[in-house]
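Chemist: pasted the sequence and its predicted model underneath.
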Amino acid sequence: MNWMIFSPEICCLATALVFLFLSMAPVDSRRDYIVAIALTGVAVCASLAGIHAQGELFHGTYRIDLFSQVFKSMLLMGLFLVVVISSGLNGIERRYHPEFYMLLTICTLALMMLVSAVHILTLYVALELSSYSLYILVFLRKGRDQGTSSGMKFFLIGASASATMLFGLALLYGATNAAYFRVLIEVIPGVIHQPEVILGLALALCGFFFKMAVFPFHFWAPDVYEGAAHQVAAYISTASKVAVIAVLLRMAALTGGASTHLVHFLAILAIISMTVGNLTAIAQKDLKRLLAFSSIAHAGYVLVGILCISPQGNTSAIFYALTVLLLKFTCFLVVVQVAFDGENIEIDRLAGLHRRSPIMALALMTALFGLAGIPPTIGFTGKLLIFTAAMEKGYFALVLIAMFNVVISLYYYLLVVRAAYLLEPAEGEGALAPMPGAGILAGTLVAAIVAIGIYPTPILELIRAAAMALG
């Protein structure tokens, strides 16, 4: 085996082992932070250097191709960005800081394995490893009551979704006698109309719908976002969603576009997720809960691209994964800066942010406009690609409903922007004291959001090639 094509995973595993040993040494938060930035930075470089690597490992159960490598690069960039905003980490007890970094890297390793898994058992084991790492990360929130309550809800719903998914995979295996994706993609189109195959696919997707916070597996998201530390919520909102989009694309590709039942099933879930997420977000006062319901709505938009089961639809879904990563992380960067004490914040606490920190207010406004799909942001380009792919397949009604939901979402995003720019700051609220480099990071993210929105061609070409590798 050529172990060099496994280098991003090896870097993550090495980082996790380093923090395993550091957890046994006297706690030094500054040391842990610097080590985490250095090691995750190396992992990002390794993934970018090997983005065109190809091959198979572990007797064909693990595939390295452009599709998986693009997603691994996004996952590691998400990990690196979350580590960067963890300099304070006031939402987690100081003695657990090494374990925080260790679990974060283990989860990222599992998610990278998830996007390369082409065998149903490898897929299931990788999903479970990532899930249990996230369960523990939620429990680490300082102030045990809130973290424990959210962690238990996350665990119980996740365990139920996992059992449902395992049953669906068992049905697929029983109906096809195949466990490798390369065999399933040849067999399933011929038996897709059999009830056990349709039911097996639907149930197998349930585990990933849970991770994606798609209706009706979305109930955990608001409480977990609110109850988890800000950095953990940022990771759940970005990196974990990226990996799930990759797996959903692989699962949908198994049908070869031959199942109208699956398309209708995904369309119904997309419509309900968009509508429930956007309508419920309007009533939220807590900023992280609002972002949670926004994530539910965006899961619906992603499903619109996935259910197209076409090169254009796959390209739009991959591009939207990058869109969610950048926009949601930018929002959480502002959350971490405004609530540097680790406590949750309500929207009203953003009052006067443009005076207290102009760059953070600009970053928040740009990210929210991107999430609403306003040009010239990356969010507009992402939605345009998804809606174009759906129109090419003839899903006009679905696009119309999605556009109506975009209009609804604009209302509550503008409420947040209004608080940051039009409300006066509370008495005694001075200028923010951002962490070192926060202003540079915020400016870089704003530039990336706008630049990719205006000129997405280089990234789109890479993503189109990745989408073709999926087929």
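Modeler: Right, received. Where do you want to start?
Chemist: the nearest residue to Val44 once chain neighbours are set aside in helix, strand or coil?
Modeler: Of all residues not flanking Val44 in the chain, Leu76 sits nearest, at 4.7 Å (CB to CB, 6 or more residues apart in numbering). For the C-beta atoms, the positions are set from N, CA and C on the backbone; glycine is no exception. Three-state call for Leu76 (DSSP: H, G, I helix; E, B strand; the rest coil): helix.
Chemist: buried residues in stretch 216-233?
Modeler: Judged by neighbour count using 16 or more other CB atoms under 10 Å, the buried positions of stretch 216-233 are 217-218, 220-233.
Chemist: what of stretch 132-152?
Modeler: Judged by neighbour count using 16+ other CB under 10 Å, the buried positions of stretch 132-152 are 132-142, 146-147, 149-151.
Chemist: which strands and helices sit next to the longest helix belonging to the chain?
Modeler: In the chain, assigned by DSSP state H, the helix with the most residues is helix 144-176. When contacts are defined as 3 or more CB pairs under 8 Å, 6 or more residues apart in numbering; DSSP states H and E, helix 144-176 packs onto helix 120-139, helix 181-191, helix 195-212, helix 220-227.
Chemist: starting at the chain centroid, how far to it?
Modeler: Relative to its chain's centre, helix 144-176 lies at 18 Å (CA atoms, centre = their mean, to the nearest Å).
Chemist: kindly report the same for stretch 128-139.
Modeler: Chain-centre distance of stretch 128-139: 15 Å, with CA atoms, centre = their mean.
Chemist: convert the C-alpha atoms of that stretch to CSV, please.
Modeler: Coordinates of each C-alpha in stretch 128-139 appear next as CSV, following Å, rounded to 0.1, in the frame of the first residue of the first chain:
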residue,chain,number,x,y,z
GLU,A,128,-20.0,6.0,15.0
LEU,A,129,-16.4,7.2,15.8
SER,A,130,-17.2,10.7,14.8
SER,A,131,-20.5,10.7,16.6
TYR,A,132,-19.2,9.5,20.0
SER,A,133,-16.4,12.1,19.8
LEU,A,134,-19.0,14.8,19.3
TYR,A,135,-21.2,13.5,22.1
ILE,A,136,-18.2,13.8,24.6
LEU,A,137,-17.3,17.3,23.3
VAL,A,138,-20.8,18.5,24.0
PHE,A,139,-20.6,17.1,27.6
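Chemist: who touches Met468 in this structure?
Modeler: By CB atoms under 8 Å, 6 or more residues apart in numbering, the contact set of Met468 is Pro311.
Chemist: and the host helix or strand of it, average pLDDT?
Modeler: For Met468, the element it lies in under DSSP states H and E is helix 457-470. Mean pLDDT, helix 457-470: 87.
Chemist: the residue nearest the centre of the chain - nearest residue in space that isn't next to it in sequence?
Modeler: Centroid-nearest residue in the chain, with CA atoms, centre = their mean: Lys241, separated by 2.2 Å. Among residues not flanking Lys241 along the chain, Val324 sits closest, at 5.7 Å (CB to CB, 6+ apart).
Chemist: confidence score at the one you found?
Modeler: On the pLDDT scale, Val324 gets 91.
Chemist: just the one 5 residues further on next, same as before
Modeler: If you check Phe329, the pLDDT there is 92.
Chemist: please apply the same query to Gly151.
Modeler: Value for Gly151, per-residue pLDDT: 77.
Chemist: for it, give me its contacts.
Modeler: Contacts of Gly151 (CB under 8 Å, 6+ apart): Tyr135, Ile136, Val138, Phe139, Arg141, Val224, Gly227.
Chemist: okay, stretch 383-395 in PDB with CA atoms only?
Modeler: Provided in PDB are the C-alpha atoms of stretch 383-395 (Å, rounded to 0.1, in the frame of the first residue of the first chain):
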ATOM      1  CA  LYS A 383     -27.900  28.900  -4.100                       C
ATOM      2  CA  LEU A 384     -27.800  29.800  -7.800                       C
ATOM      3  CA  LEU A 385     -25.900  26.600  -8.600                       C
ATOM      4  CA  ILE A 386     -28.400  24.500  -6.600                       C
ATOM      5  CA  PHE A 387     -31.400  26.100  -8.100                       C
ATOM      6  CA  THR A 388     -30.000  25.900 -11.700                       C
ATOM      7  CA  ALA A 389     -29.300  22.200 -11.200                       C
ATOM      8  CA  ALA A 390     -32.900  21.600 -10.000                       C
ATOM      9  CA  MET A 391     -34.400  23.600 -12.900                       C
ATOM     10  CA  GLU A 392     -32.400  21.500 -15.400                       C
ATOM     11  CA  LYS A 393     -34.100  18.400 -13.900                       C
ATOM     12  CA  GLY A 394     -37.500  20.000 -14.100                       C
ATOM     13  CA  TYR A 395     -38.100  20.600 -10.400                       C
END
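Chemist: hang on, isn't Asn278 packed against Phe404?
Modeler: No: taking contacts as CB atoms under 8 Å, Asn278 lies outside contact range of Phe404: 9.3 Å.
Chemist: more neighbours: which of the two?
Modeler: Asn278 (24 against 12; other CB atoms under 10 Å).
Chemist: thought Gly91 was touching Gln231, still the case?
Modeler: Yes: between Gln231 and Gly91 there is a contact at 7.1 Å, judged by CB under 8 Å.
Chemist: might you list the low-confidence residue ranges for this protein?
Modeler: Filtered on pLDDT under 70, the chain yields the residue ranges 1-3, 143-147, 256-259, 342, 426-434, 471.
Chemist: in it, which spans are strands?
Modeler: 55-57, 62-64 (DSSP state E).
Chemist: now the ones you listed as TSV including distance to Ala389?
Modeler: Below are the strands of the chain laid out as TSV (distance: least, CB to CB, whole Å):
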stretch	distance to Ala389
strand 55-57	29
strand 62-64	24
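Chemist: adding mean neighbour count and distance to Val197, write those out as JSON lines.
Modeler: Shown next, in JSON lines, are those (neighbours: other CB atoms under 10 Å; distance: least, CB to CB, whole Å):
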{"stretch": "strand 55-57", "mean neighbour count": "15", "distance to Val197": "26"}
{"stretch": "strand 62-64", "mean neighbour count": "21", "distance to Val197": "23"}
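Chemist: wait, which of these is closest to Cys45?
Modeler: Across the strands of the chain, Cys45 has its closest neighbour in strand 62-64 (17.2 Å, CB to CB).
Chemist: list the helices and strands the closest one packs on?
Modeler: Using 3+ CB pairs under 8 Å, 6+ apart as the test, strand 62-64 ends up in contact with strand 55-57, helix 97-116.
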